[in-house]
Each structure stands twice: as structure tokens, then as C-alpha cells.
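> prediction below, plus the sequence it came from.
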Amino acid sequence: MTRHPHTLFLAVASLLASGLLLVRAAPAGAGLPLEDYAPYQGASRCTPRAKPGTLVLARWIRSRHGSSTSVSRACRRDRDVTSEHQEGRAIDWRADAATRKGRKAARALLKDLFADDARGNPAALARRAGVMYVIWDDQMYAAWRGFEPEPYLSSSCKRRSRCSKTLRHRDHVHVSLTRTAARGRTSFYLRRSGADG
């Protein structure tokens with residue numbers, strides 16, 4: 001029996017139309033408008049339980065780049081709320097700037113966050129994920145400056161030479177999110193809902 005030359009084409013087209021054949025997963029946020037660069041929203045209240053969007057991004061970082069993450073940080077009554085960890089909307093991801101492996105891993109994460117998308121939009125993933133800023137290895141990458149790196153020194157340190165490895169963010173990458181992103185209401189999370197949790 002001779003098959004029509006277009007039979008295979010029609011079968012594949014039918015599967016594609018029905019959604020049964022997935023050629024490639026759509027990028028996070030595909031089909032949803034790309035957000036602008038996130039504004040700064042400083043921490044102001046003590047609600048340290050990890051927010052749903054924060055957990056989604058932490059899982060994504062671990063699954064793509066390995067290592068461990070932490071989110072929440074307890075509040076102290078004798079101190080002001082100063083960290084997005086105390087609002088459940090910041091992630092610390094382990095990467096050691098003193099090792100080649102740690103530096104390579106951190107660079108890969110930053111490359112993912114700040115890369116252009118297929119349409120040439122800069123820092124597309126970071127914008128879709130509602131990233132306000134990233135701190136790593138004495139550098140801060142702030143959304144309100146287009147994620148261009150700037151020297152960073154913790155307000156707890158007078159001089160870098162006397163600042164701990166942790167306060168210098170040389171043993172972890174810190175990622176802070178807006179409140180909307182932490183609630184999972186920007187395109188990165190909306191696109192992934194139902195797929196990754």
C-alpha cells in the first residue's frame with residue numbers, strides 16, 4: 001500500500017495542534033508581557049515565612065545550578081527589620097568565591113538571570129522573576145541600575161578588609177525579590193504555575 005507523501009506531515013501537524021507533541025518547552029513567561037526593571041522595596045515588617053514565589057525561584061536555582069538555598073531569617077525584637085529574608089522574599093544560594101567551582105557556578109547563575117531573551121530584551125529572566133537586586137563577591141547588581149555591577153560594602157562593615165566572608169557575600173549569592181514576585185504574581189511564576197508548583 002502506497003502512503004500519500006503528506007501523511008507524516010499531517011500526522012505531526014495534528015499532534016502539534018492537539019498539544020500531544022511537545023518539541024521544546026516554552027521559556028518562562030512566554031506569552032505574557034515582560035515586566036520592567038523592579039523597583040526597590042525595602043523590608044519593613046516581620047513576616048519571615050518563605051513566600052510561594054520565593055520558594056519557586058529557589059527550587060529553580062537548585063534544579064538548574066545545584067547547591068543549597070536558604071530563604072527565611074528570624075526577626076529580633078531589639079532590631080529593625082532590614083532584610084528581605086525577614087519578609088520571606090530573599091534567597092541565599094551557596095557558592096564560594098574562593099574556589100574555582102564556586103566562581104564558575106555563580107557566573108552561570110548570573111548569566112542566566114541577566115541574559116537577553118530571544119527578542120533581545122535584557123535581563124529578561126531577572127525581570128520576569130521580579131528580582132530587585134543580587135549581591136555576590138563584593139558586587140551588587142541592582143534592577144534600578146539595569147543590573148550593572150557596582151562595588152558593594154555591607155552597612156555592617158566599615159572596611160572591606162574587616163568584613164566577614166558572609167557579609168561580603170563571598171560564600172553565597174543573595175537574591176532579593178519584590179513583594180509581588182515573592183507572592184508568585186509576575187510572569188516567571190504565572191507561566192510555571194501548574195508545572196513546577
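Everything's here; your move. Numbering: from 1, shown residues only.

> can I get stretch 73-92 as CSV, trimmed to CA atoms?
Extracted in CSV, the C-alpha atoms of stretch 73-92 (Å, rounded to 0.1, in the frame of the first residue of the first chain):
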residue,chain,number,x,y,z
ARG,A,73,15.6,34.6,58.7
ALA,A,74,14.1,35.2,62.1
CYS,A,75,13.4,38.7,63.3
ARG,A,76,14.8,40.1,66.6
ARG,A,77,12.6,42.3,68.8
ASP,A,78,15.6,44.6,69.6
ARG,A,79,16.4,45.3,65.9
ASP,A,80,14.7,46.8,63.0
VAL,A,81,13.6,44.7,60.1
THR,A,82,16.3,45.3,57.5
SER,A,83,16.5,42.3,55.3
GLU,A,84,14.1,40.8,52.7
HIS,A,85,14.9,37.4,54.4
GLN,A,86,12.7,38.7,57.2
GLU,A,87,9.8,39.0,54.8
GLY,A,88,10.4,35.6,53.2
ARG,A,89,11.4,37.2,49.9
ALA,A,90,15.2,36.7,49.6
ILE,A,91,17.3,33.7,48.7
ASP,A,92,20.8,32.9,49.7
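
> buried residues in that stretch?
73, 75, 81, 83-92 (16 or more other CB atoms under 10 Å). Bear in mind the C-beta positions are built from the backbone N, C-alpha and C, glycine included.

> can you give me the strands in this structure?
Secondary structure of the chain by DSSP state E: the strands cover 69-70, 90-94, 131-136, 139-142, 149-151, 172-177.

> let me have the ones you listed in TSV, extended by distance to residue 107 and mean pLDDT.
As requested, the strands of the chain are exported to TSV (distance: least, CB to CB, whole Å; pLDDT from 0 to 100):
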stretch	distance to residue 107	mean pLDDT
strand 69-70	17	91
strand 90-94	13	96
strand 131-136	9	98
strand 139-142	12	98
strand 149-151	12	98
strand 172-177	10	98
